[in-house]
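Novice: Next come a sequence and a model predicted from it.
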Protein chains: 2
Amino acid sequence: MTFSGTPWPECGIARFLTLLDGPWATLIIRELLTGPARFTELRDALTGISAHTLTNRLRRFETYGLVTRTVYAEIPPRVVYELTASGEALRPVLEAMNTWAATVPMIDAESAVPLPASCVTGATEPASA
Amino acid sequence: MTFSGTPWPECGIARFLTLLDGPWATLIIRELLTGPARFTELRDALTGISAHTLTNRLRRFETYGLVTRTVYAEIPPRVVYELTASGEALRPVLEAMNTWAATVPMIDAESAVPLPASCVTGATEPASA
DNA sequence: TGCACTAGTTACGTCAACTGCACTAATGGA
DNA sequence: TCCATTAGTGCAGTTGACGTAACTAGTGCA
């Protein structure tokens, strides 16, 4: 696909997808919606995510003002990530996703799962908050 | 990440992401929300998508009951894709995305865009419907 | 002294997703 | 006769996202 012009899509949906692409991004927001969290807390909650990916996503979120990054000059270091108002505003979106997913017929997913090799495994909690 | 157990995540958000992963999936739904569409219509609307990818997404959607696929035995063939009730139910989700994106501060995206090389370019219409 | 801890960064390798091109069937039009 | 059309499929090639491992600083603890 690659951007073939504007780096900031006009379409809101596309913009959303640009910022929250990949399965991890949204899941990180989900975790953060339950309250501020430290780096390791997020990494533990998101079973399977690598520090690499987590750092990347968090940095992007920070760049776009979705989360704040607070460094406490302690030993050992402590970094707390917290949603900004903009990040908090994602709650209705995640809730809508959750609501929708609840209505999707389960089908015999065991047999018919041409799903991507990506996506969640841990799914700590329903985050229906 | 890869599934390390259940193919059907408990968390609704994860489930949503499983079905609508990648930037294209959601964009296809967006197109379909404006009404039924043929294969080529979708391909034209989604500038940059390959027939391959479009077919894959559409097949997955069909498998999970998000769209219906109607084949008209004409020459040349005509295939129409239409959202089911389940697919239609995604409208609030996309709307929430759109609403949220409208509130995101633009920042000087030109300089600070550590965004993925994926995502939209065409963005036919805001789909704010 | 040496290991553990946190919150990363960097290099490196892998693997899957995606793209492009070619090709199909059956028919209408030039 | 040849090309265009639709809705794909198959093959090959590329990209880039993601994971693993190693490494950092400064201090606490054994």
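Specialist: Perfect, I can see it now.
Novice: What segments of chain A are helices?
Specialist: Applying DSSP state H to chain A gives helices spanning A:12-19, A:22-32, A:39-45, A:51-63, A:85-88, A:91-103.
Novice: Relative to A:Arg78, tell me which of the ones you listed wins on proximity.
Specialist: Taking Cβ to Cβ as the criterion, helix A:39-45 is the member of the helices of chain A that comes nearest to A:Arg78, at 8.8 Å. From N, CA and C alone the C-beta is placed, and that goes for glycine too.
Novice: Please work out the average pLDDT along the closest one.
Specialist: On average, the pLDDT along helix A:39-45 is 92.
Novice: buried sites along it?
Specialist: Residues A:Phe39, A:Leu42, A:Arg43, A:Ala45 are the ones in helix A:39-45 that count as buried (16 or more other Cβ atoms under 10 Å in any protein chain shown).
Novice: quick one: contacts of it?
Specialist: Helix A:39-45 is contacted from outside by A:Ile28, A:Glu31, A:Leu32, A:Ala37, A:Ile49, A:Ala51, A:Leu54, A:Leu58, A:Val79, A:Tyr81, A:Gly122, A:Thr124, using Cβ atoms under 8 Å, 6 or more residues apart in numbering or on different chains.
Novice: Correct me if wrong: A:Thr53 contacts A:Trp24.
Specialist: Yes - using Cβ atoms under 8 Å, A:Thr53 is in contact with A:Trp24, at 5.7 Å.
Novice: Looking at the two now, which is surrounded by more residues?
Specialist: Under the neighbour definition other Cβ atoms under 10 Å in any protein chain shown, A:Thr53 and A:Trp24 were set side by side, and A:Trp24 has more, 22 against 17.
Novice: Please name the residues that touch the more buried one.
Specialist: By Cβ under 8 Å, 6+ apart, the residues touching A:Trp24 are A:Leu46, A:Ile49, A:Thr53, A:Leu54, A:Arg57, B:Met1.
Novice: of those, buried ones?
Specialist: Among these, those scoring as buried are A:Leu46, A:Ile49, A:Thr53, A:Leu54, A:Arg57, B:Met1 (criterion: 16+ other Cβ under 10 Å).
Novice: Distance check, the first one against DNA strand D.
Specialist: Counting by Cβ to the nearest atom of the strand, to the nearest Å, the gap from A:Leu46 to DNA strand D is 9 Å.
Novice: any idea which residue sits dead centre in chain A?
Specialist: Closest residue to the average C-alpha location of chain A: A:Thr26 at 2.3 Å, with Cα atoms, centre = their mean.
Novice: In contact with that residue, which residues are there?
Specialist: Contacts here follow Cβ under 8 Å, 6+ apart; on that basis A:Thr26 touches A:Leu20, A:Leu94, A:Met97, B:Ile13, B:Leu17.
Novice: Swap in 6 Å and give it another go.
Specialist: With contacts defined as Cβ atoms under 6 Å, 6 or more residues apart in numbering or on different chains, A:Thr26 is in contact with A:Leu20, B:Leu17.
Novice: And it, how close does it get to A:Ala102?
Specialist: Distance of A:Thr26 to A:Ala102, given as Cβ to Cβ, to the nearest Å: 16 Å.
Novice: What degree of burial does A:Gly65 show, as a neighbour count?
Specialist: 14.
Novice: One more: A:Glu10?
Specialist: Quick note: A:Glu10 (other Cβ under 10 Å) scores 14 neighbours.
Novice: for it, phi and psi?
Specialist: According to degrees, to the nearest 10, the main-chain angles of A:Glu10 amount to phi -70, psi -40.
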